[in-house]
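Enquirer: How does the following fold in three dimensions:
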Amino acid sequence: MSDQPFTPIQDVGRQQLIDSLKQFETSVSSSLLKGIGDDAAVFRISDYLSGLLTTDSLVEGVHFDLVYTPFKHLGFKAVTAAVSDIYAMNGKPELVTVSVMLPNRISLEMLHELYSGMHSAAHFYGIDIAGGDVAPTLSNMIISMSAYGTAGSDRVCYRSGARIGDALCVSGDLGGAFAGLKLLMREKNVWKERGDDHFEPDLSGFSYVVGRQLVPHARKDLIESLEQAGITPGAMIDISQGLANEVMYLSRASGCGVRIFEAALPVAPYTRSAADELQDDVDQFALHGGEDYEMLFTLPENDVERFAGLFRDFVVIGKIVPPEDGILMQTADGEMHEISLPG
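Expert: From the prediction side, this is the model:
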């Protein structure tokens, strides 16, 4: 038996895994301004312009299920996931490259549908698909997207810029994507139990949350409005892994505490209806659901009202506090609870 230590990857949390890999980060090029630890790497193009580069992967059986995910929707979602990281840096995406690992059960027609969805997303975000790679695999399908973008050097937004007293803001609404996923999984289980190839899923009345799961849209409009207003958030991160996770990442990077007000969490009526249908806690959807691709960002208090006059689709859900105050959520009845991650 080898004396070498063996730590199963599944026993290591995502953030701990990323932290462990930082020891291998290089600093050969003086143009690299930010490597591991944010939504995208940042590098110098000129005194006035920074480049942004990010990679995002979707793995069948982990991030998507082809039983209920149309290939065209999957292609759109893959592009959204990549460009959302560029927007999270307050940047403008310009192009993506695509690498797809394909098992033999995927046909040419399916691949064309996948790329059709990517093509639609490219038009929506105003970007180019600039090539990539296609390779075979003996296991599940994998899609890897790299996105490149730019931002003014004085407008790049990191996770580390939150300041005590800042308002903590969220765009759009939360929990809808997870509600949609739960409904799709429920209907898949019913289909498997019945063994009926002609089974029709019962998703009537839930098109909003199913759409949030299958065809999410990154917040291009928020970034454009921030630029129009001449406002740069102190810190920003996209909500792909759930609000609680992203709050912790932002808090850790900025060295601050966070106070969230439960009553302020933005949840759409359609998401509440879905949670009622599933007999589940909608606040847990909002806190831990993920894949909403909304933005979590901080603004100085005097910028909040000014920005609200231009852009209405955001709410203040809390504030930045000293680090010794921790990461707490205040319930509607005034009680304080520490925000923790499930599992």
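
Enquirer: Contact partners for the most centrally placed residue in the chain?
Expert: What sits nearest the mean C-alpha location of the chain, by Cα atoms, centre = their mean, is residue 240, with 2.2 Å. By Cβ atoms under 8 Å, 6 or more residues apart in numbering, residue 240 lies in contact with 81, 84, 246, 290-293. (Each C-beta comes from the backbone N, C-alpha and C, glycine too.)

Enquirer: By neighbour count, which of those residues wins?
Expert: Comparing the contacts of residue 240 by number of neighbours (other Cβ atoms under 10 Å), residue 292 comes first, having 31 neighbours.

Enquirer: secondary structure class for it?
Expert: Residue 292 falls in the coil class when you classify it by DSSP: H, G, I helix; E, B strand; the rest coil.

Enquirer: returning to what we had before: how much space is there between the residue nearest to the centre of the chain and residue 158?
Expert: With distances taken as Cβ to Cβ, to the nearest Å, residue 240 is found 17 Å from residue 158.

Enquirer: again with residue 340
Expert: In terms of Cβ to Cβ, residue 340 sits 25 Å off from residue 158.

Enquirer: These two: who's more crowded?
Expert: residue 158 (24 against 12).

Enquirer: isn't that one right up against residue 34?
Expert: Yes - the criterion here is Cβ atoms under 8 Å, and residue 158 meets it with residue 34 at 6.8 Å.

Enquirer: quick revisit: mind picking the two most distant members of the contacts of residue 240?
Expert: 81 and 246 (14.4 Å; Cβ to Cβ).

Enquirer: Give the next helix or strand downstream of the least confident helix or strand in the chain by mean pLDDT.
Expert: Here the helix or strand of the chain ranked lowest by mean pLDDT, DSSP states H and E is helix 14-21, holding a mean of 77. Scanning forward in sequence from helix 14-21 by DSSP states H and E, the next helix or strand is strand 32-34.

Enquirer: Adjacent strands (with direction) for that following strand?
Expert: Sheet pairing of strand 32-34 (DSSP bridges) gives strand 41-44 (antiparallel).

Enquirer: what mean pLDDT does the very next helix or strand once past the partner strand have?
Expert: Using DSSP H and E, the helix or strand that follows strand 41-44 towards the C-terminus is strand 49-59. Averaged over strand 49-59, pLDDT sits at 97.

Enquirer: what residues does strand 49-59 touch?
Expert: Counting by Cβ under 8 Å, 6+ apart, 33, 39-45, 63-64, 74, 77-78, 81-82, 85-86, 89, 91, 140-153, 156 sit against strand 49-59.

Enquirer: Please list the members of the residues you listed that lie in helices.
Expert: For the contacts of strand 49-59, membership in helices holds for 74, 77-78, 81-82, 85-86, with DSSP state H as the criterion.

Enquirer: most surrounded residue in those residues?
Expert: Busiest of the ones in helices among the contacts of strand 49-59 [other Cβ under 10 Å] is residue 82, holding 31 neighbours.

Enquirer: Contacts only, for that residue.
Expert: 54-56, 93, 96, 145-147 are the contacts of residue 82 under Cβ under 8 Å, 6+ apart.

Enquirer: ok, which stretches of the chain are strands?
Expert: 32-34, 41-44, 49-59, 92-102, 128-136, 142-152, 167-171, 236-239, 257-261, 294-299, 314-321, 327-330, 336-338 (DSSP state E).

Enquirer: could you dump those strands to TSV with distance to residue 196 and mean neighbour count?
Expert: Output for those, formatted as TSV (distance: least, Cβ to Cβ, whole Å; neighbours: other Cβ atoms under 10 Å):
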stretch	distance to residue 196	mean neighbour count
strand 32-34	52	16
strand 41-44	49	17
strand 49-59	29	19
strand 92-102	29	20
strand 128-136	33	12
strand 142-152	30	21
strand 167-171	41	24
strand 236-239	37	26
strand 257-261	44	20
strand 294-299	37	27
strand 314-321	43	20
strand 327-330	44	19
strand 336-338	44	10
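
Enquirer: Thank you kindly, that will do.
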